[in-house]
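Undergrad: Any chance you can model this:
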Amino acid sequence: MGEAFGIPEWLAMLLWVATGLIVAMAYGYWSLKRSHERVAASRPNLAKDQFIAAMAPDCTDKVSRFLWDQAIQYVEPRLTPHPDDDLILDLKIDDDDLAMDWPREWAEREGFHHSNLPDWPDGWSSTIRNFGRWLDMGPQ
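TA: Numbers count the residues shown, from 1 in each chain. You can find the predicted model right below:
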């Protein structure tokens, strides 16, 4: 491939890989931005106090504040978290963060090992509201 452009083969391969990575990252950014714009158009952006109040029927204030602090890092400045947002489908938060990082951070904060959290209930969607309800189940 490098011969066709009059450059060393290793440089041609490097440019090919770099171009692929740039295209993949640009697509990822575009997809995330488009998803966040769609979500922002479909519901109101809540302030932190409004979010905590909306979560109150389902989980404790402590869990609501934790979830706000976690989710806002992923969606700012386009969005603010909403209890009915699907963490994976709407907010595009990596499922490894949700399955490993958030429960571990919550458990450390509360003084228990994350393996003591209950299994995720069958049939529950991955909304912020359900995540809060699950965290509130506490260690088993």
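Undergrad: For the rest of this, base every contact and every neighbour count on C-alpha atoms.
TA: Fine.
Undergrad: care to break the chain down by domain?
TA: Per the record, the chain has its domains at 1-42, 45-136, by automatic domain parsing.
Undergrad: quick one, longest helix in the chain?
TA: Counting residues, the longest helix found in the chain (DSSP state H) is helix 9-42.
Undergrad: Show me the shaky parts of this protein.
TA: Judged by pLDDT under 70, the chain has its weakly predicted residues at 2, 140.
Undergrad: and after the longest helix of the chain, which helix or strand comes next?
TA: Tracing the chain past helix 9-42, the next element assigned as helix or strand by DSSP states H and E is helix 48-55.
Undergrad: quick one, which of the domains of the chain is packed in tightest?
TA: Neighbour counts averaged per stretch over the domains of the chain are highest for domain 45-136, at a mean of 16; criterion: mean count of other Cα atoms under 10 Å.
Undergrad: distance between it and the chain's centre?
TA: Here domain 45-136 is found 9 Å from its chain centre; the criterion is Cα atoms, centre = their mean, to the nearest Å.
Undergrad: first to last residue in it, what's the distance?
TA: From its first residue to its last, domain 45-136 covers 24 Å (Cα to Cα, to the nearest Å).
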